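Peer 1: have a look; sequence and predicted model below, questions after that.
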Amino acid sequence: MKLYRILTIPFMALCLFSCTGSGQEEPDVPTQPEEPKGVSISFGGNSGTWQDAPTTRANKETGLETISKTFKVWGYKTTRGNYTSGFDQSQNVMDGYTVNWTQQTANTTSSNTADWEYVGIANQTIKYWDYSATSYRFFAYSSPTAAGNSSAPSFQEPTSIEGSTAKYASFSIPFTYKEDATAVTTPYISDLWLSDNQNFESRKYGACVKLTFAPIITKVRFKFNYLKDTKISITDIVFKNINDAPSPIKGNIIISYPITGTGTKASYKWETTETGTEPIKFTIPYEEDADLNHQTTERKKWYYVPPLGDSITPQGAYIISATIDGKKSTATIPAEYMQWKAGYQYTYIFKITVAGPNIAFTNMQVEKWVETPIKNNGGTEDW
């Protein structure tokens, strides 16, 4: 599914001359430090603090290698502008380079400092930092597959490269909704890594470019809240579009990254390639082993759905219906609560009451996958 140039960096040694005239000794002039020569660009990958991510490292960081052992990266540098006025005139320095993970290979080459290597793969050459560049930025795409099997997205390059005035670089990721999809079957993209070597915290030229990945689609789940110590049986659960409108389950997610300026926020758009014949239906509530009520045998069910809220045709209202202790009950969820955005997860909470019995929509919780750690340690108190 998200131009090769070897950068030759001219370095000039600054020579300082002192002269004596009247016999009076001139004060020493401090020597300017030389720019590093031939410093290789290298990469690392982690997958943030998203729901259900396995943690494998001593610092509790989640390695991308637990999901995927490969990613494709695009890189740009700018030659004009600054942090105050905005970076300008972009040049492509990496065009879909494949980067593969191999355990215990860090520091075996200058381009591999964290077990991730790109040199020598499909004739890819080593890239060096240009310390005269006003900024660098990198972004990447990954598919949860074995190393080397990642398919590149249909990348839409700017109209020109050298001295380009284009503002964004975009690519598309094909996605098809499947009811049984999991976190390891969905596409991932990285945040935009941006540095001007001084204004972006620890992001410096010469350091490992550490990309943070998260799934690009949307996660949805629904939960039932019960009266305390009340045991209730619920069957025939269906959560779907109120008008049974077919859902566009196949299409492309278009991601656009800024390649000039100082912004780092990507934009997203969902484009349908195939009209659905049935509505998306959710039938399995999110439950945990410690819950008193269990309506199904499956636990911790999430649905991975297209970001329909990023399309030109927003979703309508939804309805949930269920048979509670033998009696049919329904609740409506207004359309404004059903606009799913790429990279976000949504939790719909329904209260179940004994009197009636009734089902009522009481709350919706929205979280971005990579911004806030999601605690879910055997209970639902954090929701």
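Peer 2: Thanks, I have the structure now.
Peer 1: helices along the stretch 201-350 of the chain, start to end?
Peer 2: Taking DSSP state H, counting those that start in this stretch as the criterion, the stretch 201-350 of the chain carries no helices.
Peer 1: would you map the strands across it?
Peer 2: Assigned by DSSP state E, counting those that start in this stretch, the stretch 201-350 of the chain shows strands spanning 209-215, 218-226, 234-241, 250-258, 267-274, 303-305, 318-324, 327-333, 344-353.
Peer 1: can you check which of those strands gets nearest to residue 201?
Peer 2: strand 209-215 (11.4 Å; C-beta to C-beta). In short, each C-beta sits where N, CA and C put it, glycine included.
Peer 1: hmm, back to that, just the strands of the stretch 201-350 of the chain: most buried one?
Peer 2: strand 209-215 (a mean of 23; mean count of other C-beta atoms under 10 Å).
Peer 1: next helix or strand past the helix or strand hosting residue 71?
Peer 2: Element membership of residue 71, judged by DSSP states H and E, is strand 70-82. Sequence order places strand 86-101 as the next helix or strand after strand 70-82, per DSSP H and E.
Peer 1: tell me, how many residues neighbour residue 200?
Peer 2: 16 (other C-beta atoms under 10 Å).
Peer 1: and it, backbone torsions?
Peer 2: When read as degrees, to the nearest 10, the backbone of residue 200 gives phi -120, psi 60.
Peer 1: adjust the sequence numbering to begin at 40 for everything that follows.
Peer 2: Okay, residue one is now 40; in that scheme the one you just asked about reads as residue 239.
Peer 1: from memory it sits against residue 248, does it?
Peer 2: No: in this structure residue 239 lies outside contact range of residue 248 using C-beta atoms under 8 Å: 11.7 Å.
Peer 1: ok, residues contacting the one helix or strand residue 403 maps to?
Peer 2: Taking DSSP H and E as the criterion, residue 403 maps to strand 397-407. Here strand 397-407 makes contact (C-beta atoms under 8 Å, 6 or more residues apart in numbering) with 263-264, 359, 361, 363, 368-372, 376, 382-392, 413, 422.
Peer 1: check the offset of that strand from the chain's centre.
Peer 2: What separates the centre of strand 397-407 from the centre of its chain is 25 Å, taken as C-alpha atoms, centre = their mean, to the nearest Å.
Peer 1: then stretch 161-168?
Peer 2: For stretch 161-168, the distance to the chain centre is 25 Å (C-alpha atoms, centre = their mean).
Peer 1: try stretch 261-272
Peer 2: The answer for stretch 261-272 is 34 Å, by C-alpha atoms, centre = their mean.
Peer 1: gap between the two ends of it?
Peer 2: By C-alpha to C-alpha, to the nearest Å, the extent of stretch 261-272 from end to end equals 16 Å.
Peer 1: so for it, what's the average pLDDT?
Peer 2: What stretch 261-272 shows for mean pLDDT is 91.
Peer 1: any regions of the stretch 90-239 of the chain where pLDDT drops low?
Peer 2: Along the stretch 90-239 of the chain, the model assigns pLDDT under 70 to residues 90-101, 183-204, 223.
Peer 1: in it, which spans are helices?
Peer 2: Under DSSP H, counting those that start in this stretch, the stretch 90-239 of the chain gives no helices.
Peer 1: now do the strands in it.
Peer 2: Under DSSP E, counting those that start in this stretch, the stretch 90-239 of the chain gives strands at 109-121, 125-140, 155-156, 174-181, 193-195, 207-215, 227-229, 232-234.
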